[in-house]
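S.K.: model the following, please.
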Amino acid sequence: MITAELVRNLREKTGAGMMECKKALEETGGDMEKAVDALRRKGIATAQKKAARTASQGMVGSYIHMDKIGVLLEVNCETDFVARTEDFKDLVKDIAMHVAAASPQYLQREEVPQDIIDRETEIYKTQVQGKPEHVVEKIIQGKLEKFYEEICLLDQVFVKDPEGKKKIKDLITEKVAKVGENILVRRFTRYQLGETAK
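M.R.: The predicted structure is shown next:
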């Protein structure tokens with residue numbers, strides 16, 4: 001028997017919708033842990049579909065590091081319910097802390113001005129002079145990927161990942177899978193004491 005309390009507990013644990021929780025509990029015979037796993041598997045598979053959905057709720061988070069670095073960050077989700085969950089708040093806090101530590105200049109690679117990309121490409125071309133033409137393009141693309149990983153928040157490796165592999169966009173995708181809603185970083189600002197305005 002799947003009780004309303006069981007459904008509510010699963011919803012609180014995962015942030016998934018009531019009907020999704022009920023269905024997961026029915027499929028797993030009321031086993032809470034198996035239902036959580038089932039929702040997570042389903043969530044990862046549908047995270048990409050959720051990316052097109054409107055995310056207008058969320059929160060503005062902040063992080064201050066030793067009174068010398070400050071970050072303001074807006075992260076959006078689809079509902080106020082998810083915005084109030086510990087999972088969502090922890091994600092915002094982690095990303096704000098990451099911004100303080102890694103100092104990204106842009107949110108995503110699409111925001112990098114073309115003149116900066118062109119300048120980097122020219123530098124890379126100079127570095128690979130004399131190499132065969134068929135490898136030059138691959139080398140330049142590889143160097144550009146590294147460049148994006150250094151300056152774009154979503155492409156940066158999460159500073160708290162012990163293996164040094166998980167990018168910020170992967171961290172967000174995992175959370176989308178867990179809570180069942182689209183999540184996106186809207187914007188951020190990083191301040192450093194004594195830094196001159198750009």
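S.K.: use CA for all of it now, contacts and neighbours both
M.R.: Noted.
S.K.: residues near the closest residue to residue 136 other than its chain neighbours, how many?
M.R.: Sequence neighbours aside, residue 128 is the residue nearest to residue 136 in space, at 6.5 Å (criterion: CA to CA, 6 or more residues apart in numbering). If you count neighbours by other CA atoms under 10 Å, residue 128 ends up with 15.
S.K.: cool, residue 123 as well?
M.R.: 11.
S.K.: again with residue 136
M.R.: Residue 136: 17 neighbours (other CA under 10 Å).
S.K.: equivalent analysis for residue 1, please.
M.R.: 8.
S.K.: so how far is residue 25 from it?
M.R.: Residue 1 is 10 Å from residue 25, where distance means CA to CA, to the nearest Å.
S.K.: about what we covered before: next, the residue nearest to residue 136: phi, psi?
M.R.: phi -110, psi 20 (degrees, to the nearest 10).
S.K.: and it, how far from residue 119?
M.R.: Taken as CA to CA, the span from residue 128 to residue 119 is 15 Å.
S.K.: same check on residue 73?
M.R.: With CA to CA as the criterion, residue 73 and residue 119 are 29 Å apart.
S.K.: who's more crowded, the two?
M.R.: Shown here are residue 73 and residue 119; by other CA under 10 Å, residue 73 has more neighbours (22 against 11).
S.K.: look up phi and psi at that one.
M.R.: Here residue 73 shows phi and psi, under degrees, to the nearest 10, equal to phi -150, psi 130.
S.K.: which helix or strand contains the residue nearest to the spatial centre of the chain?
M.R.: For the chain, the residue nearest the mean C-alpha position is residue 172 (3.0 Å; CA atoms, centre = their mean). Per DSSP states H and E, residue 172 falls inside helix 168-179.
S.K.: the helices in the chain, which residues?
M.R.: Remark: helices assigned in the chain by DSSP state H are 4-14, 18-27, 32-50, 80-83, 86-102, 114-127, 133-151, 168-179.
S.K.: want to throw these into TSV with mean pLDDT?
M.R.: Output for the helices of the chain, formatted as TSV (pLDDT from 0 to 100):
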stretch	mean pLDDT
helix 4-14	79
helix 18-27	84
helix 32-50	68
helix 80-83	90
helix 86-102	95
helix 114-127	90
helix 133-151	89
helix 168-179	88
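S.K.: can you tell which of the ones you listed is closest to residue 108?
M.R.: Of all the helices of the chain, it is helix 133-151 that lies closest to residue 108, at 8.1 Å by CA to CA.
S.K.: that closest one: which residues count as buried?
M.R.: Across helix 133-151, burial judged by 16 or more other CA atoms under 10 Å covers 136, 139, 140, 144, 147, 148, 149, 150, 151.
S.K.: cool, and stretch 115-126?
M.R.: 121, 124, 125.
S.K.: now distance to residue 40 too, for those residues, in TSV please.
M.R.: Shown next, in TSV, are these (distance: CA to CA, whole Å):
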residue	distance to residue 40
121	41
124	42
125	45
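S.K.: which pLDDT value belongs to the residue nearest to residue 136?
M.R.: We have a pLDDT of 81 for residue 128.
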